[in-house]
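Chemist: coordinates for the following, if possible.
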Amino acid sequence: MSCYTELLISPKNFNNRNIALAVITMEYVPEVLLTGTVYNNRCEAVEGAVVRVIAVASLIKKDLGYVMTNQFGEFAIVVEKNPQINYQFDIYEPVLTS
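Modeler: Below is the predicted model of the structure:
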């Protein structure tokens, strides 16, 4: 994602007499951040699960890569924002190391 905006609010804006107003303008970005959480059959978050991301358009599939879940079972990936593309996630159990 190539566009980023940060808003900084000082403590003086949090008293009862002031209202913090801000206008944030961001350029159009042709990407979207997809996020998710992987759970096991006991509804516990799975750390280290591998998520394969595939773009599916009509009958064509394109492998976009792999991401791993964090300690909370969460993952994120930036993909093209296109109404003609569906995204498929294949989830693999964590790789165990000895």
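
Chemist: hey, which helix or strand in this protein has the poorest pLDDT?
Modeler: Taking all helices and strands of the chain together, the one with the lowest average confidence (mean pLDDT, DSSP states H and E) is strand 31-37, at a mean of 91.

Chemist: quick check: buried residues in that one?
Modeler: The neighbour-count check on strand 31-37 (16 or more other Cβ atoms under 10 Å) flags nothing as buried. The way it works is simple: take the backbone N, C-alpha and C, and place the C-beta from them, glycine included.

Chemist: give the other helices and strands that that strand contacts.
Modeler: If you count contacts as 3 or more Cβ pairs under 8 Å, 6 or more residues apart in numbering; DSSP states H and E, strand 31-37 packs onto strand 74-80.

Chemist: avg pLDDT for the strand it packs on?
Modeler: Strand 74-80 shows a mean pLDDT of 93.

Chemist: in its sheet, what does it sit against?
Modeler: Strands adjacent to strand 74-80 in the sheet, as given by DSSP bridges, are strand 31-37 (antiparallel).

Chemist: so after the partner strand, what's the next helix or strand?
Modeler: Proceeding N to C from strand 31-37, the next assigned helix or strand is strand 50-57, under DSSP states H and E.
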